[in-house]
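Colleague: what follows is a predicted protein model with its sequence.
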Amino acid sequence: MGYLFSREMGEPKGLVFALLIWCLLTVHALGSQQSCQKPQLDKGYFDSDKGTYPHGTELYYACDKGQKPVVEGWWAIVKCENSKWSHTPLCIDENNCIAPDNPNAKVTEPNVYGWHTNGDTVRFKCDAAYQMKRKDSSKCENGTWTELPLCVERDNLCEAPPPVTNAVIPHEYQDKFPTGSMVHYKCQNSYTLEGPDSIVCQDGGWTPSPKCIKTPSPTERASTGEGGHSTSGDRGNGGTSSGGDHIDSIVDRCGAKPTVDNGDFITVPGSNQMALTYKCINYYKLVGPEKVMCRSDRKWSELPTCKAPCTIEKNKFDQLDLPKDMFVKEGESQTFLCKGHLYYRPLFADVRCQNGDVTIDGCTWGCKLEPRRHHWLGLAQDMFIKEGPKRIICGRPDSYGRPLVADVQCQNGEITSSSCS
């Protein structure tokens, strides 16, 4: 019995010991993966001379005489964050200039290395809610910039758009909008937009905003005529049929509305609705008929499906400069910013989603469309296009619900665009 007791107690102890060793090795491996190698630095020196540094380490550096760090000040700091340094330590000639910082303005062609050679001239563009009051350029002279452009707030700005109960605006928050800006509202699930889906800033005020009303449940939407009496007029609209022909009928006569995964139908006021119009949720692609009919035999016509998008994972597609995981609709392509540059100009790549598989073209030159700068296009977020002409679908349809398009030209990093028509 003593032997059996020792054996039975020994196995759990051995297992616990093995698990403990495995955990220690795993923690050590993770710690090694998160550590940073000592960065290279020409014409400068660090306050420490170790070969590796653990995650969270702050490393200070300064430059030799006649040199200066590529950030503000005569010394600088870098931090190890998940095996990468917060910036690449660099010493430049003291007569060169670090990237200019100008409130409410951006450099039109920034140097990706974060500094400019003595004698360089850079041009600025004011943010959307601001306008230029001085010349739009500044020159690097012996380590400092000449007078920077001044961007002042525009006249007739609109404050933040008015809140709409049960709605959001799918756009980064901002508290000032220039005249002509357009913003879109989106209702939360189970609510339907009533009125225009967007508002426009006009001379300091917004056009009337929409409402989000509760979408009736299937029970509330069901026909009240089912099982009761019907008039000859009802029968004339397809309630009965002779000869077995499938004649389109009022949708309420088919009872509960059919559901589509990751989609829903749009409620249209009026009792004589002849079809249900289906839409998919964000990024899902409608495959099949957009409209579904109630036939005279009280059966629904073919239903569509909503096909899932491709996920462009930030950590998987490391050649792309993604702020987060992105999505591309099935059967479509989208242009994304690449990491790096070519001759100081940004690069872009087309990403396609086909049958759930992702393919990426090589990186090449292109342009960026921004919602605030190109507000007439009705964009919900930044959009990238390659060099050359491109026709894009505008974010807002016409008064009949038909899509509008605009012809956009990207040439040498500059955008020209027609209006939406």
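Modeller: Now that the structure is in, tell me what you want to look at. Residues are numbered from 1 along each chain as shown.
Colleague: helices of the chain, residue ranges please.
Modeller: For the chain, the helices defined by DSSP state H occupy 2-34, 218-221, 232-234.
Colleague: any idea of the mean pLDDT for the last one?
Modeller: Going back to what we said before, that points to helix 232-234. Helix 232-234 shows a mean pLDDT of 35.
Colleague: do the first one as well
Modeller: Confidence for helix 2-34, expressed as mean pLDDT, is 53.
Colleague: end-to-end on stretch 408-420?
Modeller: 10 Å (CA to CA, to the nearest Å).
Colleague: now stretch 103-119
Modeller: Stretch 103-119: ends 22 Å apart by CA to CA.
Colleague: the strands in the stretch 101-250 of the chain, which residues?
Modeller: 105-107, 115-116, 121-126, 130-132, 137-141, 144-145, 151-153, 167-168, 182-184, 186-187, 191-194, 198-202, 205-206, 211-214 (DSSP state E, counting those that start in this stretch).
Colleague: save the ones you listed as JSON lines, and put in mean neighbour count and distance to D350 too.
Modeller: Glycine gets a C-beta too; all of them are placed from N, C-alpha and C. JSON lines is the format used below for the strands of the stretch 101-250 of the chain (neighbours: other CB atoms under 10 Å; distance: least, CB to CB, whole Å):
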{"stretch": "strand 105-107", "mean neighbour count": "16", "distance to D350": "26"}
{"stretch": "strand 115-116", "mean neighbour count": "20", "distance to D350": "32"}
{"stretch": "strand 121-126", "mean neighbour count": "17", "distance to D350": "26"}
{"stretch": "strand 130-132", "mean neighbour count": "16", "distance to D350": "33"}
{"stretch": "strand 137-141", "mean neighbour count": "17", "distance to D350": "34"}
{"stretch": "strand 144-145", "mean neighbour count": "16", "distance to D350": "37"}
{"stretch": "strand 151-153", "mean neighbour count": "16", "distance to D350": "34"}
{"stretch": "strand 167-168", "mean neighbour count": "16", "distance to D350": "30"}
{"stretch": "strand 182-184", "mean neighbour count": "21", "distance to D350": "26"}
{"stretch": "strand 186-187", "mean neighbour count": "18", "distance to D350": "27"}
{"stretch": "strand 191-194", "mean neighbour count": "16", "distance to D350": "32"}
{"stretch": "strand 198-202", "mean neighbour count": "18", "distance to D350": "28"}
{"stretch": "strand 205-206", "mean neighbour count": "14", "distance to D350": "36"}
{"stretch": "strand 211-214", "mean neighbour count": "16", "distance to D350": "36"}
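Colleague: out of those, the one nearest W300 is which?
Modeller: Ranking the strands of the stretch 101-250 of the chain by proximity to W300 (CB to CB) places strand 191-194 first, at 20.9 Å.
Colleague: can you give me how far that closest one is from the chain middle?
Modeller: 23 Å (CA atoms, centre = their mean, to the nearest Å).
Colleague: mind putting the strands of the stretch 101-250 of the chain in CSV, distance to K368 and mean pLDDT included?
Modeller: Listed next are the strands of the stretch 101-250 of the chain as CSV, based on distance: least, CB to CB, whole Å; pLDDT from 0 to 100:
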stretch, distance to K368, mean pLDDT
strand 105-107, 12, 88
strand 115-116, 21, 90
strand 121-126, 12, 90
strand 130-132, 19, 84
strand 137-141, 21, 92
strand 144-145, 25, 91
strand 151-153, 20, 83
strand 167-168, 24, 88
strand 182-184, 19, 87
strand 186-187, 23, 90
strand 191-194, 29, 86
strand 198-202, 22, 84
strand 205-206, 27, 86
strand 211-214, 32, 88
